[in-house]
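Asks: My questions are about this predicted structure, shown below with the sequence.
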Amino acid sequence: MFSRGLVTAAMTAALLPAFPAHATLPAPPARAALHGGAAATVDCAKVKCLALTFDDGPGAATGTLLTTLRKSGVKATFFLMGKHVEERPALVKRMAAEGHEIGNHTWSHPSLPTLFDEEITTELKATQDAVAQVTGRAPRLFRPPYGQTDDRVAALAGDEGMAQVLWTGTTLDWKLRDEKKIRAVVLKLARRDGVILMHDVVPQTVRVMPALVKELKKRGYHLVTVSALLQGRRLAPGETYP
Ligand code: NI
């Protein structure tokens, strides 16, 4: 995926031949700031977008996954567990720096509807604080463990400033534990504006990702964050998507 930013920079260079080439090509951080980052380079109203999401991390293989995503220019969304953020803060910092979206997946992965209000809030708040401490920004998205939720859970997440994100397709990669099967399931579930649930704590998912990303791109998908799918609309706290 070549960004519109690169085309713009090349065109600018062509229009200003009198300047030395290095003077007309801004450094990558400046270009990202100028164009509003990766989200501005893909318009999901015009092209076929798909959001890959990874839950339960960061784990031992998450660094490998981040390298795959960086090499292929793909942005993803990670729903992190607070206790894992505490264990692997450097990976969380890297996720944010490399343009991925970070969501809250609770501190310890309980089934939230079975808990008291205060317990739910503690799970959410501790994770918000852990992410904010590392990245400087608390998540605006939340995904309930096991997808188990209700109006009360959604409202309590809303109180912490988060919208609830579910999925259009779940891979059950944690159960399959097989690269070929995971690849086949994702390709079957992929559809325009879809949200695919996977786990970066499943080594087979991380291992199959280079080939899978290549195939999804071949099929015309632009792989973006959940927020990029929304084409600029911001989810309201407490809202559920999709
Ligand atoms: Ni989970």
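Replies: Thanks, I have it. Numbers count the residues shown, from 1 in each chain.
Asks: Any idea what the residue nearest the centre of the chain is bridged to?
Replies: Geometric centre of the chain, nearest residue: residue 77, 1.0 Å, by CA atoms, centre = their mean. On the basis of DSSP bridges, residue 77 is bridged to residue 53, residue 101.
Asks: do you know how far it is from residue 242?
Replies: Here the distance between residue 77 and residue 242 works out to 13 Å (CB to CB, to the nearest Å). Backbone N, C-alpha and C define where each C-beta goes, glycine included.
Asks: intersection of neighbour lists for the two?
Replies: residue 165 (CB atoms under 8 Å, 6 or more residues apart in numbering).
Asks: Could you tell me which residues of the chain lie near the ion?
Replies: By the criterion of CB under 5 Å from the ion, the positions of the chain lying close to the ion are 55-56, 145.
Asks: Please repeat the previous calculation with a cut-off of 6 Å.
Replies: 55-56, 105, 109, 145 (CB under 6 Å from the ion).
Asks: neighbour-wise, which of those leads?
Replies: residue 105 (28 neighbours; other CB atoms under 10 Å).
Asks: where does it fall, phi/psi-wise?
Replies: phi -120, psi 30 (degrees, to the nearest 10).
Asks: Report the contact partners of it.
Replies: 55-56, 79-81, 127, 142-143, 145.
Asks: closest to residue 185 among those residues?
Replies: residue 55 (15.4 Å; CB to CB).
Asks: Run a quick neighbour tally on the closest residue in space to the closest one that isn't next to it in sequence.
Replies: Excluding its sequence neighbours, the residue lying closest to residue 55 (CB to CB, 6 or more residues apart in numbering) is residue 79, at 4.6 Å. With neighbours defined by other CB under 10 Å, the count for residue 79 comes to 27.
Asks: Begin at 7, not 1, for the rest of this chat.
Replies: I'll keep to 7 as the first residue from here, and by that count the last item is residue 85.
Asks: and residue 85, that's in a strand?
Replies: Yes. Under DSSP: H, G, I helix; E, B strand; the rest coil, residue 85 sits within a strand.
Asks: And the strands in the protein, which stretches?
Replies: 55-61, 83-86, 107-110, 147-148, 169-171, 175-176, 200-205, 228-230, 246-247 (DSSP state E).
Asks: Out of those strands, which is closest to residue 138?
Replies: Using CB to CB, the strands of the chain put strand 107-110 closest to residue 138, at 10.0 Å.
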